[in-house]
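# following is a predicted model, sequence given first.
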Amino acid sequence: MRGFVGNFEVDILKKAKMVDHTKCTGCGTCWQKCPEKLPSEFDLGLGQRTAIYIPFAQAVPNMPVIDRENCRYQKYLEWAKTEEGKKPPECRICEKLCPTGSIDWGQQDEIVTQEFGAIVVATGFKTFDYSVYGEYGGGRYPDVISSLHLERLMSAAGPTGGEVIRPSDGAHPKTVVFIQCVGSRDDKVDRPYCSKVCCMYTAKHAIMLKEHDPDVQCYVFYIDVRAGGKDFEEFARRAQDEAGAIYLRGRVSQIYQDGKKLKVLGEDSLMGRLVEINADLVVLATGMEPSANANVLAQTLNISYNTYNFLIEAHPKLRPVETQTDGVFIAGTCVGPRDIPDCVAHGSAAAAKVVALLSQDSLTTDPLTASVDPMKCVGCFACREVCPFNAIEEQATRDGRTIAMVNETMCKGCGLCVAACRPGAVNLRGFTNQQLLSEVLTLVGR
Amino acid sequence: MSADNKPMIIGFLCNWCSYAGADMAGTSRQTYPANIRIIRVPCSGRVDPLFIAKCFEEGADAVLVAGCHPGDCHYSEGNYYSRRRFALLRELLNFMGIEKERFRIEWVSASEGKRFAKIITEFTEDMTKLGSRKVS
């Protein structure tokens, strides 16, 4: 990313899709016929996808891409370079079947450079890796799943068509244990913050499981039920009163496989006793964390982020969608955990801010920029060496010298040039040497 | 704060990280000694070594420069310059007859209110132990 507010120039990596999206009609023949079956990322490995695929059913545009690492023809091409090992099949079924001839094996990754007036960061979140909690056995026991897995299992468009089954043996679970705050409110795993949405989605899951199968009994281990928000508390009560979920305040100490069942050992801290539950399915309410490389993106865009890589607003209360960098806005869970209504409001706010910015005929910039005293400047250009924004330009004087000049649109007012200038020719408006030294004198108070 | 404002610490805080971090310390109700007098600068790279010398000349007991963590500078690279510059200055202070412990450079991000309060508390304690500077 280069440039400044109103004049950003961004390099975008456009991955090769191997499908010409100008010809493709999204008919679906290719992904129905592709013989290569792979675990689907969208279904978290519970379902399958093919090597030519659309990521999920509602994807826009509704056109497939080819997974180059797993496509049989791509593997064949790789093999053909050396002809070592077993010859993979030279499949190309999608190409043969495509009615519009959209398959394009020649596509390459490319970098597209485009100009933009403003940038909105909405990179969202990923869920906490539950296998960090060894005592819960997530990743080791197939029937210890995350809430997102359960969400896919309950979805009518999901891998099981909405039938809730245990991943191990396909049986219908009757006793389901939910564990809250997995990767939230826990200093041990460096996630001391509350992820905000888990209490509510667990209540939803408890209610929906009961609707799916009235014989299901849910248990929820929680720290607190945080149901702040319109109608939220009433909804959380419904999980207990109508869906009959038993809420137990306390943490689970251990889960282990006991025959076909999972033995859940926990504590009910309100009753002051230990609890032992023979569960069919354990669902971990995983918390939110920023998407991978959120910090790298923040560095690219020159915006700040906190210890957990959540992005930082210009002001937590008064400027919640703006950043310290003019023209870069943030929205949604990349800023911190929040639920869908909040994200919608946040996104709308960011969009409105962008519209307000771009609808002006002229931009107001910060007047606190550096300036050069032409009488003092000796033209050493030490200032140009340190300037991060290339704001220092050359200027010829009438007596034939070349001196430095500050481009006030480019200057962000950091003052690096002032500290670097040996003859003291550069000064920063609002933070001049004289002003700062007067501050020192006043504060020391002699 | 002791009655005679001692030790007196002058802090140069970068606007984007450390000044915001100090603000965060306030809004999150952290407490720290009031011995620090804060001067806001746009970037830790704006701080001229002359300012530090001036602070000591005028009788400050200690000086703190605080900026964004290396790599997180709002202006990309300002804190790299200050890091290099003040590593040199610290050595020079001994030569000038000022204990180099009296000068610190720290990195405090906008979210680290707690860390800011901790740094000020520790620095003030250390300076109280070291005692006031004898200024002739």
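Noted; the coordinates are in hand.

# okay, and A:E211 sits in which element?
Using DSSP states H and E, A:E211 sits in helix A:198-212.

# ugh, typo on my part, it should be B:K114
helix B:113-130.

# could you pull out the helices for chain B?
B:18-27, B:49-58, B:78-95, B:113-130 (DSSP state H).

# off-centre distance for the helix holding B:K114?
10 Å (C-alpha atoms, centre = their mean, to the nearest Å).

# which positions within stretch A:55-75 qualify as buried?
Neighbour counts over stretch A:55-75 (16 or more other C-beta atoms under 10 Å in any protein chain shown) mark A:M63, A:P64, A:V65, A:I66, A:D67, A:R68, A:N70, A:C71, A:R72, A:Y73, A:Q74, A:K75 as buried. Any C-beta I mention is one placed from the backbone N, CA and C, and that applies to glycine too.

# what sits up against the helix holding A:E211?
Here helix A:198-212 makes contact (C-beta atoms under 8 Å, 6 or more residues apart in numbering or on different chains) with A:147, A:150-151, A:154, A:162, A:164, A:176, A:178, A:180-182, A:184, A:216, A:218, A:220, A:222, A:224-227, A:229, A:232, A:235-236, A:238-239, A:242-245, A:283, A:285-287, A:339.

# my read is that A:T113 contacts A:L13, right?
No: using C-beta atoms under 8 Å, A:T113 is not in contact with A:L13; the gap is 10.9 Å.

# contacting residues for the residue in chain B that chain A sits nearest to?
When scored by C-beta to the nearest C-beta, chain B has B:R46 as its residue closest to chain A, at 3.1 Å. Contacts here follow C-beta under 8 Å, 6+ apart; on that basis B:R46 touches A:C414, A:G415, A:L416, A:V418, A:A419, A:L428, A:F431, B:C14, B:G78.

# quick check: pLDDT value at it.
With respect to pLDDT, B:R46 has a value of 94.

# do you know how far it is from A:G415?
Distance, B:R46 to A:G415, using C-beta to C-beta, to the nearest Å: 3 Å.

# and for those two, which residues touch both?
The contact lists of B:R46 and A:G415 share A:L428, A:F431, B:G78, where a contact means C-beta under 8 Å, 6+ apart.

# out of the residues you listed, which comes closest to A:I392?
The closest of the shared contacts of B:R46 and A:G415 to A:I392 turns out to be A:L428 (C-beta to C-beta; 13.2 Å).

# tell me the contacts of the closest one?
A:L368, A:T369, A:A370, A:S371, A:G413, A:G415, A:V418, B:P42, B:R46.

# which PyMOL command selects the buried ones in these?
Selecting the buried subset of the contacts of A:L428 in PyMOL, with 16+ other C-beta under 10 Å as the burial test, is done by:
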select buried, (chain A and resi 369+370+371+413+415+418) or (chain B and resi 42+46)
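
# tell me which of the contacts of A:L428 fall in strands.
Counting by DSSP state E, the contacts of A:L428 place A:A370, A:S371 in strands.

# separation between the residue nearest to A:Q108 when sequence neighbours are not counted and A:D67?
Among residues not flanking A:Q108 along the chain, A:A16 sits closest, at 5.4 Å (C-beta to C-beta, 6 or more residues apart in numbering or on different chains). Distance from A:A16 to A:D67, counting by C-beta to C-beta: 11 Å.

# next one: A:E322
38 Å.

# and if you look at A:M271?
From A:M271 to A:D67 the distance is 52 Å (C-beta to C-beta).

# out of the contacts of A:L428, who's nearest A:G445?
The closest of these to A:G445 turns out to be B:R46 (C-beta to C-beta; 23.0 Å).

# where does chain B dip in pLDDT?
Counting by pLDDT under 70, the ranges of chain B that qualify are B:1-5, B:135-136.

# flag every residue of the stretch 301-446 of chain A that's near chain B.
A:302, A:304-307, A:312, A:324-325, A:368, A:386, A:388-389, A:412-416, A:418-420, A:428, A:431, A:433, A:436-437, A:439-441, A:443-446 (C-beta under 8 Å from any C-beta of the partner chain).

# take those residues and keep only those in strands.
Per DSSP E, these map to strands at A:L428.

# can you tell me which of the residues of the stretch 301-446 of chain A next to chain B are buried?
Of those, these count as buried by 16+ other C-beta under 10 Å: A:302, A:304-306, A:312, A:324-325, A:386, A:388-389, A:412-416, A:418-420, A:428, A:431, A:433, A:436-437, A:439-440, A:443-444.

# good, we can wrap up now.
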